[in-house]
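Participant: Please work out how this folds:
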Amino acid sequence: MFSFCTDPSTLETAQWFACYLTNGKHMAFYASFGTVLLLLAITAPVALSFGFAGASAARSRIAPLRWIGKIYIAIVRGVPDIAFFLFFVIALDQAFEWTRHQVKCPDWDQPVRQGNDFVVCAQAKLPLGTAPQWVHESYGFSLAVLTFAIVFGAFAANVLFGAMRAVPRPQLETAEAYGMTPRQTFWRVLVPQMWVYALPGLSNLWMVLIKATPLLFLLGVEDIVYWARELGGMKTSVFEYPHPDWRIYYFLFLLVFYLAFTKVSEIVLERLMRRLSHGQATTGGEAMRAGA
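Facilitator: Have a look, this model is predicted:
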């Protein structure tokens, strides 16, 4: 970035650090923070949508739909996250490629499963081998978002299912007495009131989601943990800026980042909880009325 960075071996301490912290690899490290924030921004609403759909299915009057909702919640919550991340991404990727293989290569006469290898025709590869690098990265990131959304959507479904059951039954009966249909009662009475009961559980889930972002490293995405390990490790003389093992400093920086991010999240969620509790027949709402 600076004109004096052409020969790192001739630089003084301040100039060396200025060049070291602004080289291309560090720029990728800084950009990886945006990757983590983008993952959270996309995954949170998608996981909440999965959770709402799962909770609605789990309380459905239609038995098969109710079974699907409860099985989804039980299976995903019962499998360790790391095992699900390692297995599901591979299975999902192979399912996409197998489907494309059946459509694009119907004359293929070799087995797809060849020992431990999964072999499809070149046209069915996803993404294609000739695709630019950003397509490969976007595809890997999309798989990561979908995996995060399914896993945390199951936990959100369990929270929302409990919140729906926490809404006082007399309020639903009152809506039915006024002639509302079950659909109207669900959308106009149950859903608006369930959020105040769901927010504490969803807040904890948001914190867990923040702490789970380093799992991106397992999915092949170059996140902040990946770059902290790469940049902090001891480099050979081939590396442009050789240095001792500085991983402790890089991971300490990540510790500060995560603590600051969770603190900001706590403040925002607390204000949201106070807003939702206003006028509600809950402990928080009663405390607000007593204070007033």
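
Participant: helix, strand or coil for M234?
Facilitator: coil (DSSP: H, G, I helix; E, B strand; the rest coil).

Participant: Tell me if I'm right that it and H243 touch.
Facilitator: Yes. M234 sits in contact with H243 when judged by Cβ atoms under 8 Å, with a separation of 7.3 Å. Yep, even glycine has a C-beta here, placed from its N, CA and C like the rest.

Participant: Next one: F186 relative to D109, how far apart?
Facilitator: F186 sits at a distance of 53 Å from D109 (criterion: Cβ to Cβ, to the nearest Å).

Participant: These two - which one has more neighbours?
Facilitator: Neighbour tally, F186 and D109, criterion other Cβ atoms under 10 Å: the higher count belongs to F186, 17 against 5.

Participant: Distance check, that one against S56.
Facilitator: To S56, F186 is 8 Å away according to Cβ to Cβ.

Participant: and what of V76?
Facilitator: Following Cβ to Cβ, the distance that separates V76 from S56 is 16 Å.

Participant: Check Y249 too.
Facilitator: 47 Å.

Participant: who has more neighbours, these two?
Facilitator: Taking neighbours as other Cβ under 10 Å, Y249 and S56 compare with S56 leading, 18 against 11.

Participant: distance between stretch 257-273 and the chain's centre?
Facilitator: In terms of Cα atoms, centre = their mean, to the nearest Å, the centre of stretch 257-273 is found 17 Å from the chain centre.

Participant: which residues touch it?
Facilitator: F33, V196, L199, P200, S203, W206, M207, I210, K211, I224, G284 (Cβ atoms under 8 Å, 6 or more residues apart in numbering).

Participant: Could you do stretch 140-153 as well?
Facilitator: Applying Cβ under 8 Å, 6+ apart, the contact partners of stretch 140-153 are 35, 39, 42-43, 46-51, 53-54, 76, 81, 84-85, 88-89, 92-93, 205, 208-209, 212, 216, 219-221.

Participant: does the residue lying closest to Y20 once chain neighbours are set aside sit in a helix, a strand or a coil?
Facilitator: Take Y20 and drop its neighbours on the chain: the residue closest to it by Cβ to Cβ, 6 or more residues apart in numbering is Y241, 4.6 Å away. At Y241 the chain is in coil, as set by three-state DSSP.

Participant: What is the neighbour count of Y241?
Facilitator: 18.

Participant: And it, how far from K104?
Facilitator: Y241 is 46 Å from K104, where distance means Cβ to Cβ.

Participant: where do the strands sit along this structure?
Facilitator: Along the chain, the segments classed as strands by DSSP state E run 113-114, 117-118.

Participant: With adjacent residues omitted, what lies nearest to F84?
Facilitator: Among residues not flanking F84 along the chain, V151 sits closest, at 5.8 Å (Cβ to Cβ, 6+ apart).

Participant: Return the residues in contact with V76.
Facilitator: Shown in contact with V76 (Cβ under 8 Å, 6+ apart): F84, I150, V151, G153, A154, F155.
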